[in-house]
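Asker: next one to model:
(one chain, ligands or ions: 3)
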Amino acid sequence: MMTAMVRPVSRVLRLGCVLAFCFQVLVPCGLPGAWGLDNGLAMTPTMGWLHWERFMCNVNCQEEPDSCISEKLFQQIAEIMASDGWKDVGYEYICIDDCWMAPERDSEGRLQADPKRFPGGIHHLADYVHSKGLKLGIYADVGNKTCAGFPGSFGYYDIDAQTFADWGVDLLKFDGCYCDSIQHLAEGYKQMSLALNRTGRSIVYSCEWPLYMRPIFKPNYTEIREYCNHWRNFPDIYDSWESIRNTLDWTSSNQEIIVPVAGPGGWNDPDMLVIGNFGLSRDQQITQMALWAIMAAPLLMSNDLRSISPEAKALLQDKDVIAINQDHLGKQGYQLRKEDNFEIWERPLLNLAWAVAIVNLKEIGGPRSYTITLTSLGRGLACNPNCLITELLPEKRKLGFYEWTSSLKTQINPTGTVLLRLERTSSAQFSYSVVSDSL
Ligand SMILES: *[C@@H]1O[C@H](CO)[C@@H](O)[C@H](O)[C@H]1NC(C)=O
Ligand SMILES: *[C@@H]1O[C@H](CO)[C@@H](O)[C@H](O)[C@H]1NC(C)=O
Ligand SMILES: *[C@@H]1O[C@H](CO)[C@@H](O)[C@H](O)[C@H]1NC(C)=O
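Answerer: Numbers count the residues shown, from 1 in each chain. Ligands and ions are numbered 1, 2, ... in the order given. Below you'll find the model as predicted:
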């Protein structure tokens, strides 16, 4: 039985191809000019590394010198990001999360790094990161304390923004713990955005405003987008399939609200990539990579790049999948339908191309096949009149040319995903390839 899903696209589909064409082409152009944070940043989703999921709040450098939150960790990761191909495929921001601070502000009210774990200070670390051609991210909190209990920025927004700018910081993740009211939360996120702007330094602003607001108040994403470059909607990701699945479920259940608001300069943030850690099978890692590309999500890895497996590295560095994530049309994908424990997601791309992901959610049995009719994809246009289909994950291979009225059979492992790219071809190209194939 088909699960009926209310989708923003179904209405358009009924009105036919001409309107569907307008929908796709005109919406990105027809947006009001001033609907995003005007700092020129995050025109495509931010890519980089963030320490939280893998290293959390480990401050014990005596016993665990290699995995505690210290300048050594960030220097080593930066070194590898620059030398091991990460920077080359786009991972640029190396980001500090909670637990970098000393327990008290300095005599002038400024935040300071823990002097034992960051003996050189953040300015020095930023210089090092910049010398590798990378950018540095830092973490603070809108309330009275950070989530781990370090000094919060409430009452210090201007001082902290200026401190980060003076240090040469390039991104701020602003958390929402220890905040006693929705007014303080909303005002705080706005004030910090304005304070960052006043420093004159280009600093990507990563918010958790809707996540903390949601239990009490429906977030106004139009407003959030005016102040933030990306925003978390859903609780922290864990290194588990359950966590990935919950994130995808939440996203598809709320897609009518959150998908239209994403675009260049402002993105929904489903949290870190946990590929290369302990909790996900190979197929589940493929699912995370494919769906984070479909969702136009920031790609912030949280893993140990010093010891990552070659398979995880190849998946995270897959240029074709990254190209979907970074596609310049800048439209977030959505779940098209869900049936028989399969989920079909699609994302419109530049030049009328589409990315399609088919997830097999069944956690029992072996690989299952799913046959997709091509007329059902891309509002009827993805393969009209015909298209070239390339499978990107789990294997990269050209599947060849397909006609609009044909269908494609796929086989998908339990909890795995097949990621496809569909390129429309002109009739001339199509006939040529049919002719040359038959020669
Ligand atoms: C600050 O905001 C103004 C107007 O919104 C914008 O033109 C400017 O580029 C911003 N500056 C920075 C550093 O983000
Ligand atoms: C911070 O603490 C002060 C003093 O208890 C309180 O007045 C203020 O509302 C708190 N701010 C936030 C954002 O929780
Ligand atoms: C949401 O915020 C926008 C921009 O600040 C504003 O124009 C709009 O009225 C708000 N919507 C609601 C329902 O409050």
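
Asker: name the helix or strand of this protein that has the lowest mean pLDDT.
Answerer: In the chain, the helix or strand scored least confidently by mean pLDDT, DSSP states H and E is helix 8-15, which has a mean of 32.

Asker: so what's residue 320 up against?
Answerer: Listed by C-beta atoms under 8 Å, 6 or more residues apart in numbering, the contact set of residue 320 reads 390, 392, 396, 421. Backbone N, C-alpha and C define where each C-beta goes, glycine included.

Asker: SS state for it?
Answerer: Put simply, residue 320 is helix when judged by DSSP: H, G, I helix; E, B strand; the rest coil.

Asker: mind checking how far it is from residue 174?
Answerer: Note on residue 320: its distance to residue 174, by C-beta to C-beta, to the nearest Å, is 33 Å.

Asker: which bits of this protein sit near ligand 1?
Answerer: Applying C-beta under 6 Å from any ligand atom, one finds that the chain approaches ligand 1 through 38-39, 197, 200, 202.

Asker: which pair in the residues you listed spans the largest distance?
Answerer: For the residues of the chain next to ligand 1, the farthest-apart pair by C-beta to C-beta is 38 and 200; their separation is 13.5 Å.

Asker: so for those two, which residue has more residues nearby?
Answerer: residue 38 (11 against 8; other C-beta atoms under 10 Å).

Asker: which one is that one nearest to, not counting chain neighbours?
Answerer: Leaving aside its chain neighbours, residue 38 sits nearest to residue 265 (7.8 Å; criterion: C-beta to C-beta, 6 or more residues apart in numbering).

Asker: same thing with residue 252?
Answerer: Per C-beta to C-beta, 6+ apart, closest to residue 252 is residue 335, 3.9 Å.

Asker: mean confidence for the helix or strand containing that neighbour?
Answerer: Residue 335 is part of strand 334-339 when elements are defined by DSSP states H and E. Averaging pLDDT along strand 334-339 gives 98.

Asker: which helix in this protein has the most residues?
Answerer: Ranked by residue count and defined by DSSP state H, the top helix of the chain is helix 182-199.

Asker: check the offset of it from the chain's centre.
Answerer: Distance of helix 182-199 from its chain centroid, counting by C-alpha atoms, centre = their mean, to the nearest Å, is 23 Å.

Asker: likewise stretch 385-392?
Answerer: The answer for stretch 385-392 is 25 Å, by C-alpha atoms, centre = their mean.

Asker: got it, and stretch 104-118?
Answerer: Distance, centroid of stretch 104-118 to centroid of chain: 31 Å (C-alpha atoms, centre = their mean).

Asker: which residues belonging to that stretch are considered buried?
Answerer: In terms of neighbour count (16 or more other C-beta atoms under 10 Å), stretch 104-118 has its buried residues at 105, 111-114, 117-118.

Asker: now swap in stretch 210-223 and tell me
Answerer: By neighbour count on 16+ other C-beta under 10 Å, the buried set for stretch 210-223 is 210-213, 219, 221.

Asker: just to revisit the earlier point, just checking, which of the buried residues of stretch 104-118 belong to strands?
Answerer: Using DSSP state E, no member of those sits in strands.

Asker: now, which of those residues sits nearest ligand 2?
Answerer: Using C-beta to the nearest ligand atom, residue 105 comes nearest to ligand 2 of the buried residues of stretch 104-118, at 14.3 Å.

Asker: and the closest one, its phi and psi?
Answerer: Dihedral pair for residue 105: phi -70, psi 160, per degrees, to the nearest 10.

Asker: now do the same contact list for it.
Answerer: Here residue 105 is in contact with 111-112, 151, 156 (C-beta under 8 Å, 6+ apart).

Asker: helices of the stretch 301-439 of the chain, residue ranges please.
Answerer: Secondary structure of the stretch 301-439 of the chain (DSSP state H, counting those that start in this stretch): helices at 310-316, 319-325, 427-438.

Asker: quick one: mean pLDDT for the last one?
Answerer: Translated: helix 427-438. Helix 427-438 shows a mean pLDDT of 46.

Asker: same question, stretch 284-304
Answerer: Mean per-residue pLDDT for stretch 284-304: 99.

Asker: can you pull the pLDDT of the residue in the stretch 201-350 of the chain positioned nearest to ligand 1?
Answerer: Closest residue of the stretch 201-350 of the chain to ligand 1, C-beta to the nearest ligand atom: residue 202 (5.4 Å). Residue 202 carries a pLDDT value of 98.

Asker: distance-wise, check it relative to residue 38.
Answerer: To residue 38, residue 202 is 12 Å away according to C-beta to C-beta.

Asker: and the residue nearest to residue 170 when sequence neighbours are not counted, how many neighbours does it have?
Answerer: Excluding its sequence neighbours, the residue lying closest to residue 170 (C-beta to C-beta, 6+ apart) is residue 135, at 3.7 Å. By other C-beta under 10 Å, 22 other residues sit near residue 135.

Asker: how about the one 4 residues further on?
Answerer: Here the count is done by other C-beta under 10 Å, and residue 139 has 24 residues near it.

Asker: is ligand 2 within reach of whatever helix or strand it lives in?
Answerer: Assigned by DSSP H and E, residue 139 falls within strand 135-141. No: judged by C-beta under 6 Å from any ligand atom, strand 135-141 stays clear of ligand 2, getting no closer than 9.3 Å.
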